[in-house]
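Visitor: Sequence and predicted model, in that order:
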Amino acid sequence: MGQVLVLGLVYGVIYSLFAVGIVLVYRGSGTINFAQGEIGTFGLFVAWWFTTAHHLPWIIGAVAALVMAAALGAGFEWAIVSHMVEANRVSVAVATIGLLAFLVAFEVRFFEGGNIRKMVAPIRGTGWSVFGVVVSPTQILSLLAAGALAAGLALLLKKTDFGLGVLAAAQDPVAVRLVGIPLARVSAFVWGLGAAVSVLGALFIEPTIGVFTPGFASEMFIKGLAAAVVGGLTSLEGAFVGGLLIGFVEVGANRVFDFPGVKMFSILFVMLLVLLVKPDGLMEGFKFRRRALA
Amino acid sequence: MTWLRRIRFPLLLMAGATLAPLLGRAGFLSESKWLYLGVAVTYAAAALSLNLLMGYAGQISLGHFALLGTGALVSGVVTSADRGGLPFMVALPVCAIVGGVVAFVLGLPALRLRGLYLAVITIGFAYVADQTIFKLNYLSHGSAGIHLPRPLVNTFSFSRTSDFMGILCVLLVVIWQVDRNVTRTKLGRAFHGIRIDESVAASFGVDPRRYKLLAFVISGAMAGVAGSMYGHVYMFVNNESFGFEKSLLLVIIVVVGGLGSRAGVIVSAFFYALFGVVLTHISWLHIFRGFDILIGAALLMYTVSRHPGGLAQAFQESRDRERRGTPDEEAEEPALPKLPEMPRPSGLPERPTVEGLSGSVPVLAAHEISVRFGGLQAVNAASLAVPRNKIVGLIGPNGAGKTTMFNAMSGLLKPNAGKVELLGQDVSEMPAHARARLGMGRTFQLIGLAGDLSVTENLLLAQHVVASYGVLSALTQIGPSRSVERELRDRAAEAISALGFERFANTPVKRLSHGQQRIVELGCVLVTAPEVVMLDEPSAGMSPGAAENLAVRLRDMRDDLGRTILLIEHNIPLVLDVCDELYVLSGGEILAHGLPDEVVQRPDVIAAYLGEPAAAAIVEAEAEAEATPVKAKPAPRKRTRAGAAK
Amino acid sequence: MRTNRRGRVRACLILAALLGVSACTGAKLPNQAAGKRSKLKTTDTTLTPAEAAAQATTASSIAAAQAAAAAKGGKGAATQAAALGKSVASDGSNFHSTLFSDAEDRIGITNNSITMCAHAALTYAAAFHTDVKDLNVFWSWVNDHGGIYGRKVTVTYENDNYDPQTAITAASTCRDKNIFMLLGGIGFDQIPAVRDWVENLTSKHLLYLYHTANETTGKRYSFTELPTTQSMGKQFAQLAAARYHGQAVGILKRHSDNWEPGVTAFKAEARRLGVKIVYEKAVEKNAANYTQELLDAKAAGAQVMWGWENALAATEMVQQAKNQSWSPNWMLFPFNLTSQTIGDAALAPKLSGLAMFPAFSYGDFSGEFAKYADDMKEFQAQYAQYDGGNSGVDLHSFGGDLLFLNWTAQKALYTQFLACGQDCTRNKFIDVLHGYKKKPISSSCFIDFTRPNTHLGGYAVNVMETYKNPSDGKVNWRNTQTCVETIG
Amino acid sequence: MTEPLLAVEGLRAGFGATTVLHGVEFSVNEGEIAGIFGLNGAGKSVTMKVLAGVVPSRGGRITFAGQDITRLSAEKRVAAGMGHVPQGRQVFPDLTVAENLRLGAYLLRRKDKARAASLLDGVFDRFPVLAERRDQLAGTLSGGQQASLAVGRALVNEPRMIFVDEPSAGLAPLVVQELFATLKQVATSGVTMVLVEQNVSFGLQLADKAHILQMGRIVYSGEVGALDQQALAGYLGIGRMLGGVTSSALAGRRAPSPSPAINGSAAATSAEGEDRVPRSQRRRQARATSGS
């Protein structure tokens, strides 16, 4: 049981990070960025290029990856999404599928196919045993980072004018322009931030898995998506809670049942259940902003 | 020559079906090229099936290849020598049925979910199908896979792909034809209706749940057949054959081709299926080798962001530019013409008629209706009755709950308490579409028409309740569907000529002016000769002249056509002009009821409008309540017409 | 668009490099065999020693290599070829294949050319820094030295993208090139598709060599030199008994009908040998995360873990166990991909593995390597020459062993062509393969297509363990036993 | 003669295949309150949206403070000194009152935080109710309070000109009176204003100049004082809405959604032919009986 909790927490946090990226974009543009996971993988390639290939410290690779992802997300918004203001949100989601395919093809083409790579961990060392599970320093770091991210996002969104603009843009994109906030910049920011958060998730989970290849984060993205949906798609706390829930469900179901595909099956089951019973997600009525105020 | 244009694709395909075996035998194109072509035909069939779901019914599926997988695996079970050993032609209907059944199950969540949520669930389904179902030994032998023999007729084997192309092309023509039958019967119109607005569709008698599931089932059946084609063209499938990325490819094909466009989707399917091959096999294109996915992905992004209608729209636009110049900017606002006097159509379900009612029973009555939205009491124990052959007005200040009351009476929302009676029958438990079938017609504050459909098609959609033929008849065009459709078309034409709209008959409604749309909307309501007509602010957006004219037409409806009318209207002079009785709704309660001229002079009514402190407080409370749903919440709530109006 | 996902990459890494080799046979053999027995002798298409010698002089370095191999194996290529007829006859399985009609018999072979085509996951060949040129070094070398009886060998490649459907179109494209035979890539996911395609083609003009370890009963056109899944499973159980005597075994296996027979065989053999199995769990392809399973196996008391998965998954498993501070003894498919990725951690304890092909570790010719050192040297030399310079592939890195596997397989194919003789046709090639009973092919272990199921190919394996290459410090694999049928 | 603050020349705009504005022309001088009146669908709201920069123009020219702003983005126009009280108020419902106002001062705060703070105090002085509820979510305010907030939000950026679109829509008449008093006060403090109002009687109380929009064209521009009621009724075709119970009753009616459609009374009336007379008689009777 303790093991389930620890593992669920460790993985759930990563799913949360992907979910946060998904929620940010959803709030900003009302759509799902299906390339979110692959942007994370792409970030790993960039980080790898700096760290493993050019022997620079982890932090430089990580920063480069985050910057690249932010640029990629914002660039995609600028090149594609901003032209789709009037479009159905599902169409925008389809455009992100194009980005997904593009990134995978790009990685395969320009990073020597599916060569498997290994990223260095941000912190070396074996870690500590909790309920028989060895929790690595990276995993501790990812927990801390997720907490810091939550707090940081809360601060950013509530305490800065631009952050408030982001929140406002999600509520009324036209009115935001009428008070003089550059909506294009807000939207690009949200896409960029969402992409960067995904890279964070990918950087933190890679040492746990061990190696990466193109498509590395796609399954984790699907789980992050489930987490975001369970959390209601619009709520940042929902993303965190949903991520942990999906983590626990996955690990718990894998412990209790033994049939092929049990993890995905249980995740789909929980997601359907939540959607049918509480379509607005578990966190409906418990808005991010209120907690931030408290 | 339009008929030629209409059937050019089937013609092309039939020519392909005939020529392929000949060409193949003459040594034209190698076997592998034929295989690529066969695969392209299969993808076209699959894309048509997804197009039906996404393009027509507006239900997204990101796991559509799982349905194809079902078809392929079932076909394998039926035809492979070591199991079924039955002919290909026997497998096809089985695949269609199984595909339909699986799609039905996949469609169940769609009754509650929509848009991106549905997308997410279908992804989950694709994964689970891949990891759990398709791995079942009986179905696929796991990754060891199963052999799907090419058809054998007597001793003739279709093992050459060029020969098999004949069968594939014929199957694609069949799917094309079924798809076409969908679009030109009530099915396609109903799908279109629910895609645009379920409430509007329901008001025309379309049961959104039934038709959503139907879209899934028909699409699933097509996908089942396409899956069988897929399996037999490759002659092999295993559990790795239906990956999620292939589902995404299908979505890409359909979107790039143009949602809802048969021809565009087929062209796009051929493009994506053959693009990589072309790059690899044409020597001067070698520099692009290995870039096919990059280019395909970039093309997708470009298309959705710059040409959302896909290839089909780009093609259409270039043709439109040739044919007509800029749209007619100075379109004149038409006066409301004399409304069509349509007899009660044959084929209507059994229902009590107005004539059968005893004199004192109102045609439509609401008893003690209460509706609560969260903490807000939108309507509170309101009752009203609409006597036969009268025009009854319902007025009230903004936010009084008029539209809510309307929605409760027409069945678009379920009141928390109260009873609705139509023609003396308790219809409280009946959904909107069933009330429409009983003879309730209504319009919406915003125009309730399918904008992409032509005027004729809207009038056909409006006659959904009398399109009394079965789904199978619609799909096959055998049985009553043809004659019924002909009858409906005649009625639509009659209504159009009564409205004087002949020149707009084939114009998409969204190209008409607001006033013209209002006229079409009224025509749509009247075309089935409903017993009671509920009109929600019909004069909104009309010029004063047209509004005056509306009054005449409303009286015509009552006097000449014998209709009973319930009218929400903010144009008080109009109300005073036409109404026989007037109800005033304020703060969700019926404030007054009586003869119009008397009612509007009552001090409490004036106060309700003018705002004595008390009255003002109510109004303000409502405005406040109204502000609540304005919150930006993109959650996929059931979007009622009322919600959309805000 | 094929969004090539992780699955492809992973599958690709199972056994990755490209060519399999070997064997073929007609299924309707038994009744034909007696009648045709003498025919091979009388046709006498096999190489005489003199002819072989002549052949050897035209391809001097090849001949030298073969001579070297002969010195070690006791037989030179020429003698080996000459002996073929005899061994075929003495095995009593001599028959003449009639699978191909006269018209089909010479497709893909002329007086000066042999054309072949391989389907392979080319997209991911790049994963090992390899492209088509790298894969064809062996043939470039052969062609520059006279080819095979004066015939230049052309091998082209079609991408199968590790997808069963793409593999079928790739195979079909290959066939359109009028090839002598189709060569298969390696893998589990797409191979069954092509095998099925080959066996069911009604216009039979195709010979196919495939690499998958599964039952081959009833197959007529397709052959493998690899051991079956079952024999691999059985031998892994023997390895567990011999090397990790008395230790409890945990199994972490791919959930797949292709892989499962190996587990069944493993368990049967384990029972026989008294190996205790304390944990068994099936995981999905691309599961990526095995921590929970590993912890469960650890809790169940497993001391040896059998990772019945591809090289990427195996790498992740070992890595994740390390992350949990758990270092059981691992039994895996041995690839430098795993050992080099994990690095020194792969030495404590050493990983062990079983494979049909011999280990390759750049520049190390000591110990067990000495048995086939000449082959390795030739391999290194020819890559330096034909693939040389900086643009060439790095044989030190983890593509090295895969290319050596490829080289080995191609060399085996070459040997078989030599045996097929000057007047080689497809039927004759089948005959040659059919005559293989425990024949060593190049530096690979011997194969045997004459067993009851006729297509089972090899069953001797190399037992390997990880070690550190003294010359470049990389952690690679080396043989501890070479070509054994029974371990222990 | 001074340059007008805002000059609109030949403005054309529309949606899809429909053109709504067919060359709108008018100008607004500094310190003026310009009212734009017209029927439903005449193009009032579209005009405002084009002026704000959220709907692209298809032709014509907009000059603001001597600068051609036709191609400027909405936010740049705000930066140039335009403030907006949009239709339906459009406050940010999930933000507090204070946060809404902070966003209103988004541009000013980047330049001059102190100035923004003083303007904010000014708004709180002007609307004490907002000060009381500064930490309340805007979505929970009443309609009138939201209107105040929307006005305040436009003022904290120190605009030279504010655009007020249908402020009375959805508000109780008493609240509307209060709101108009506030707007009047704002206008007298020197802010130029463009007002679109459905409720002509209210609008005329406030405006100095009237511009009457019909079918996407300005058909009348002039001083409000010079406007003869009959003439106005003629232009608008809504004579019956002026004065009396009926028009009062209409004060509370909801604002119709902006419609891209073209409505033309001229075309409609001409098409009607002879049976027009009896109907207008009936209408007059109706008006009489309704107790004016």
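Guide: Received, thanks.
Visitor: which residue packs closest to the residue in chain B that chain C sits nearest to, ignoring adjacent ones?
Guide: Using C-beta to the nearest C-beta, B:Gly142 is the residue of chain B that sits closest to chain C, at 2.5 Å. No exception for glycine: its C-beta is placed from N, CA and C like everyone else's. Leaving out its chain neighbours, the residue that sits closest to B:Gly142 by C-beta to C-beta, 6 or more residues apart in numbering or on different chains is C:Asp257, at 2.5 Å.
Visitor: Would you check that the one you found makes contact with B:Ser143?
Guide: Yes: C:Asp257 lies in contact with B:Ser143 (C-beta atoms under 8 Å); the separation is 6.2 Å.
Visitor: what about those two, which has more around it?
Guide: With neighbours defined as other C-beta atoms under 10 Å in any protein chain shown, C:Asp257 and B:Ser143 compare such that B:Ser143 has more, 28 against 20.
Visitor: Three-state assignment for the more buried one, please.
Guide: The local conformation at B:Ser143, judged by DSSP: H, G, I helix; E, B strand; the rest coil, is helix.
Visitor: now the farthest one out in chain C, which residue is it?
Guide: No residue in chain C sits farther from the centre than C:Ala299, which is 36.3 Å out by C-alpha atoms, centre = their mean.
Visitor: who's in contact with the nearest residue to D:Val91 once chain neighbours are set aside?
Guide: Closest residue to D:Val91 apart from its sequence neighbours, by C-beta to C-beta, 6+ apart: D:Ala138 at 4.2 Å. With contacts defined as C-beta atoms under 8 Å, 6 or more residues apart in numbering or on different chains, D:Ala138 is in contact with D:Val91, D:Phe92, D:Pro93, D:Asp94, D:Leu95, D:Thr96, D:Val97, D:Asn100, D:Gln146, D:Leu149.
Visitor: pretty sure D:Glu158 is in contact with D:Arg109, am I right?
Guide: No: using C-beta under 8 Å, D:Glu158 is not in contact with D:Arg109, being 11.1 Å away.
Visitor: distance of D:Leu213 from B:Arg518?
Guide: 21 Å (C-beta to C-beta, to the nearest Å).
Visitor: wait, I meant B:Val363
Guide: Separation of B:Val363 from B:Arg518 (C-beta to C-beta) stands at 24 Å.
Visitor: cool, and D:Gly43?
Guide: Taken as C-beta to C-beta, the span from D:Gly43 to B:Arg518 is 18 Å.
Visitor: secondary structure element for residue 162?
Guide: I went with chain A, as the question did not name one. helix A:161-171 (DSSP states H and E).
Visitor: The intended chain is chain D.
Guide: Take DSSP H and E as the rule and D:Ile162 turns out to sit in strand D:161-165.
Visitor: likewise C:Ala384?
Guide: Counting by DSSP H and E, the element that carries C:Ala384 is helix C:373-386.
Visitor: Name the next helix or strand downstream of the longest helix along chain C, please.
Guide: Looking across chain C with DSSP state H, the single longest helix is helix C:400-420. Per DSSP H and E, the first helix or strand lying C-terminal to helix C:400-420 is helix C:426-434.
Visitor: Tabulate the CA atom coordinates of that next one in PDB.
Guide: Extracted C-alpha coordinates of helix C:426-434, given in PDB (Å, rounded to 0.1, in the frame of the first residue of the first chain):
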ATOM      1  CA  ARG C 426      16.400 -20.500 -57.100                       C
ATOM      2  CA  ASN C 427      15.500 -24.100 -56.900                       C
ATOM      3  CA  LYS C 428      19.100 -25.000 -56.600                       C
ATOM      4  CA  PHE C 429      19.500 -22.500 -53.800                       C
ATOM      5  CA  ILE C 430      16.700 -24.100 -52.000                       C
ATOM      6  CA  ASP C 431      18.400 -27.400 -52.500                       C
ATOM      7  CA  VAL C 432      21.600 -26.000 -51.000                       C
ATOM      8  CA  LEU C 433      19.800 -24.700 -48.000                       C
ATOM      9  CA  HIS C 434      18.000 -27.900 -47.600                       C
END
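Visitor: Can you name the element that comes right after the one helix or strand A:Gln3 maps to?
Guide: Element membership for A:Gln3 (DSSP H and E) is helix A:2-29. Note on helix A:2-29: by DSSP H and E, the next helix or strand toward the C-terminus is helix A:36-51.
Visitor: buried ones in stretch A:228-235?
Guide: A:Ala228, A:Val229, A:Val230, A:Gly231, A:Gly232, A:Leu233, A:Thr234, A:Ser235 (16 or more other C-beta atoms under 10 Å in any protein chain shown).
Visitor: The residues you listed: which two are farthest apart?
Guide: Maximum pairwise distance among the buried residues of stretch A:228-235 (C-beta to C-beta): 12.3 Å, between A:Val230 and A:Thr234.
Visitor: Give the residues shared as contacts by the two.
Guide: Shared contacts of A:Val230 and A:Thr234, defined by C-beta under 8 Å, 6+ apart, are found at A:Gly281.
Visitor: Does the residue in chain D positioned nearest to chain A fall in a helix, a strand, or a coil region?
Guide: With C-beta to the nearest C-beta as the measure, D:Val78 is the residue of chain D nearest to chain A, at 3.3 Å. Three-state call for D:Val78 (three-state DSSP): helix.
Visitor: same question, D:Leu195
Guide: Classified using three-state DSSP, D:Leu195 is strand.
Visitor: low-confidence ranges in chain D?
Guide: Scanning chain D with the threshold set as pLDDT under 70 gives D:1-2, D:16-18, D:39-41, D:169-170, D:172-173, D:198-199, D:201, D:228-292.
Visitor: In three-state terms, label B:Ala400 for me.
Guide: B:Ala400 ends up coil, using three-state DSSP.
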